Structures are given as C-alpha cells and as structure tokens.
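Colleague: pasting the structure only:
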C-alpha cells in the first residue's frame, strides 16, 4: 500500500510539473502518457467480479518504442493493486496515427488472500504479469484493448501529456 501511495505522489508531481520535466527528461520522439481504464469485460460471470474497476497509470515511451511505466488499479476483487512494467510497442502507420500492438511484462503487486491464486505466479502479493494490448493512436490520444490472459478484456484510454 505504501508503494502505491508513493507512485500516486510521483504521478501527481509529474503532471503538475509537466512542462519543466519535458525539457529535462524527454528527448525528441519520446512520449509521456497518462492512461485510464473505465471498463473491464470478464469472460466468465462471477458475482464477486468488479466490472467497473478504476485503473490509472503513467508510461514513458522512447522514440524506439521501448517503454516503462506503472499503473494503480482496483482488481477484479476490489483489491488495490499496482503494475510496474517495461515493454515495447509495435506500430503500423505514421508516428501520429497508427494501429499498434504493445506487450509489457513486470511486477503485479497486491493480489493477496483470498485471491492470491488469481495470477499464475504470486509470492507474498508480488506476481508476474505479461500483458498484451491492441489499439489505435491518433495524435495525442490512444484507445486500446488490453488482453488480461484468460480472464478479461480491458478498455483503456491514453493521452500524451507533453506534446
């Protein structure tokens, strides 16, 4: 829980100081995106499932389309969780308008009893996540469908905060 609070404070700091950080951190072609997910579709009905989990995050992407980021979210069982990851985006189209496929891998934090077995690899609330996304980007905004293994699909929206 402490790490999630620190992540939230870091995201807030970055958003408040966006223009100054852009000049210092990013190079030509880099992106800094804030993302949000308003809806998840579970393949199988379970009355315990939360169909409207909140998910928000921040992602840096280099001009070569390698990325690093983190999300804070309420999982399908209403537990506060985090996902710290690295990944790569593959694009089809121009830099400002394209279809994309993104794959990320990293630490899923917060799946604890009684739902610790809901992710395949989990030790003391820290597990492994490998998450693909298919989407479309237009200028500063993107929409994506995140494939959450054999469990669900999640709708995401992203916005490039530094352009």
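Modeller: The structure has been received and is ready for your questions. Nothing here was measured: the structure is a model prediction, and the numbers come from that model. Numbers count the residues shown, from 1 in each chain.
Colleague: In contact with residue 81, which residues?
Modeller: 4, 72, 73, 74, 75, 108, 109, 110, 111 (C-beta atoms under 8 Å, 6 or more residues apart in numbering). In this view, the C-beta of every residue, glycine as well, is placed from N, C-alpha and C.
Colleague: any idea how far residue 28 is from residue 110?
Modeller: 36 Å (C-beta to C-beta, to the nearest Å).
Colleague: quick one: the helices in the protein?
Modeller: Using DSSP state H, the helices assigned to the chain run over residues 2-16, 18-25.
Colleague: Lowest average pLDDT across these?
Modeller: For those, mean pLDDT drops lowest on helix 18-25, to a mean of 53.
Colleague: thinking residue 98 is in contact with residue 89, fair?
Modeller: No. If you go by C-beta atoms under 8 Å, residue 98 and residue 89 don't touch, sitting 9.5 Å apart.
Colleague: Look at those two and report which has more neighbours.
Modeller: residue 89 (22 against 16; other C-beta atoms under 10 Å).
Colleague: how much space between the residue sitting furthest away from the middle of the chain and residue 112?
Modeller: Distance from the C-alpha centroid of the chain peaks at residue 47, with 25.1 Å (C-alpha atoms, centre = their mean). Residue 47 sits 20 Å away from residue 112, going by C-beta to C-beta.
Colleague: Let's check: the centremost residue of this structure is which one?
Modeller: Short answer for the chain (C-alpha atoms, centre = their mean): residue 71, at 4.8 Å.
Colleague: beta partners for the closest residue to that residue other than its chain neighbours?
Modeller: Nearest in space to residue 71, with sequence neighbours left out and distances taken as C-beta to C-beta, 6 or more residues apart in numbering, is residue 57 at 3.3 Å. Beta-bridge pairing for residue 57 (DSSP bridges): residue 35, residue 71.
Colleague: Could you check the pLDDT of residue 57?
Modeller: 94.
Colleague: Could you do the one 5 residues further on as well?
Modeller: The predicted local distance difference test score for residue 62 is 91.
Colleague: separation between residue 80 and residue 157?
Modeller: Counting by C-beta to C-beta - residue 80 and residue 157 are separated by 21 Å.
Colleague: ok, now residue 138?
Modeller: 12 Å.
Colleague: Between these two, point out the one with more neighbours.
Modeller: Neighbour tally, residue 138 and residue 157, criterion other C-beta under 10 Å: the higher count belongs to residue 157, 15 against 11.
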